[in-house]
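>>> Could you work out the structure for the sequence below:
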Amino acid sequence: QPILPQLLKIEAARISGCIKMESSRYKSRSAALIYRGRVIACVYGSKANPEQIFGMQAYSAMMSEISSVNSKVVSYALDDKVALSAASMFHGQVFNASAGKDAKVSLKSCLQFIEDNVAPGSVAVADQSGKPVCFLYLSGGSLLGINSLNSSVNEKDIRSVLQYLNKSPQSRIMSNSFAPEQDFESALTFSMLGQSNHSSASVCSDTELAALRNSAKLAGTYSLRPIEAPQ
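A predicted model of the protein is given here:
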């Protein structure tokens, strides 16, 4: 299917997930984090612009390139809690462990910070030079998952993170915790279709979107699949 109908289905069915795009034509990379069918975070970077951009500006840039034949697009469905945990990197309160602490002690402090907040959160582990090693996604005291960028860390075993820190005690640890307010969706998310409190542009009306949501509920949950580039 073309991109637009897929975005309509994702928003109508209130799916949480992530859409990633790489464009060889524009030499850019971008990703949109989706929470219940609405964009809660987006990041875009290209060789043409040395600094990454975020939020609605990033999403606008991503959408302007997504239908290009040179764009590779992949989508993933995520649990709501994982989406909020990842969103803490963009909207959450930052906690840096004290400098000079052993990395394992710093990790424990960061995990305790998130548990005390009883909220979604994430922990980033980087090596001494600042290169990312892995990300831990949490909800309060529960570990939801690990995203490893280093062969020494197993994504299914937190003990491998501790083993890595034993060998690399100078690693850097940082955490983010995100305590959503009751109305945070209207404040922090925006429509994938251009409807938001900040923009008058829209792909379809509120009435049409409501009708689509109702039909999606009747049809069941839509599945997300990698999106093939147009021929």
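
>>> Nearest residue to the residue most central in space within the chain in space, please, no chain neighbours.
With distances taken as Cα atoms, centre = their mean, residue 33 lies nearest the centre of the chain, 3.9 Å away. With Cβ to Cβ, 6 or more residues apart in numbering as the criterion, residue 33 has its nearest non-adjacent residue at 4.2 Å, and that residue is residue 41. C-beta: built from backbone N, CA, C; applies to glycine.

>>> Under the pLDDT cut-off, which ranges of this structure? List them.
1, 98-100, 194-231 (pLDDT under 70).

>>> What segments of it are helices?
For the chain, the helices defined by DSSP state H occupy 3-12, 55-65, 80-91, 103-117, 158-167, 184-188, 206-219.

>>> Please tabulate these in TSV and include mean neighbour count and distance to residue 97 as additional columns.
Shown next, in TSV, are the helices of the chain (neighbours: other Cβ atoms under 10 Å; distance: least, Cβ to Cβ, whole Å):
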stretch	mean neighbour count	distance to residue 97
helix 3-12	19	37
helix 55-65	18	28
helix 80-91	22	16
helix 103-117	19	3
helix 158-167	16	12
helix 184-188	14	26
helix 206-219	13	43
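
>>> could I get those helices as CSV with distance to residue 125?
Below are the helices of the chain laid out as CSV (distance: least, Cβ to Cβ, whole Å):
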stretch, distance to residue 125
helix 3-12, 31
helix 55-65, 25
helix 80-91, 13
helix 103-117, 7
helix 158-167, 7
helix 184-188, 26
helix 206-219, 38
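
>>> Residue 152 is nearest to which of those helices?
helix 158-167 (4.9 Å; Cβ to Cβ).

>>> could you say what helices and strands the closest one packs with?
In terms of contacts (3 or more Cβ pairs under 8 Å, 6 or more residues apart in numbering; DSSP states H and E), helix 158-167 is packed against helix 103-117, strand 120-126, strand 132-139, strand 142-148.

>>> what angle do that helix and strand 142-148 make?
60 degrees (axes from the mean of the first three to the mean of the last three Cα atoms, to 10 degrees).

>>> who's in contact with helix 158-167?
103-104, 107, 125, 133-134, 136, 143, 146, 150, 152-154, 171 (Cβ atoms under 8 Å, 6 or more residues apart in numbering).

>>> The helices and strands packed on helix 158-167: which one's closest to residue 11?
Using Cβ to Cβ, the nearest of the helices and strands packed on helix 158-167 to residue 11 is strand 120-126, at 21.4 Å.

>>> so what strands line up beside that closest one?
strand 132-139 (antiparallel), strand 172-177 (antiparallel) (DSSP bridges).

>>> sorry, back to before: of the contacts of helix 158-167 - the most surrounded one?
Neighbour tally across those (other Cβ atoms under 10 Å): the maximum, 27 neighbours, falls on residue 125.

>>> Isn't that residue up against residue 146?
No - with contact defined as Cβ atoms under 8 Å, residue 125 does not count as touching residue 146 (9.6 Å).

>>> what do those two both touch?
Common neighbours of residue 125 and residue 146 (Cβ under 8 Å, 6+ apart) are 134-136, 153, 161.

>>> What is the nearest of these to residue 13?
Out of the shared contacts of residue 125 and residue 146, the member with the shortest distance to residue 13 (by Cβ to Cβ) is residue 135, at 26.8 Å.

>>> so who does the spatially closest residue to that closest one that is not a sequence neighbour touch?
Spatial nearest neighbour of residue 135, chain neighbours left out: residue 147 (4.5 Å); criterion: Cβ to Cβ, 6+ apart. Neighbouring residues of residue 147 by Cβ under 8 Å, 6+ apart: 134-135, 137, 155.
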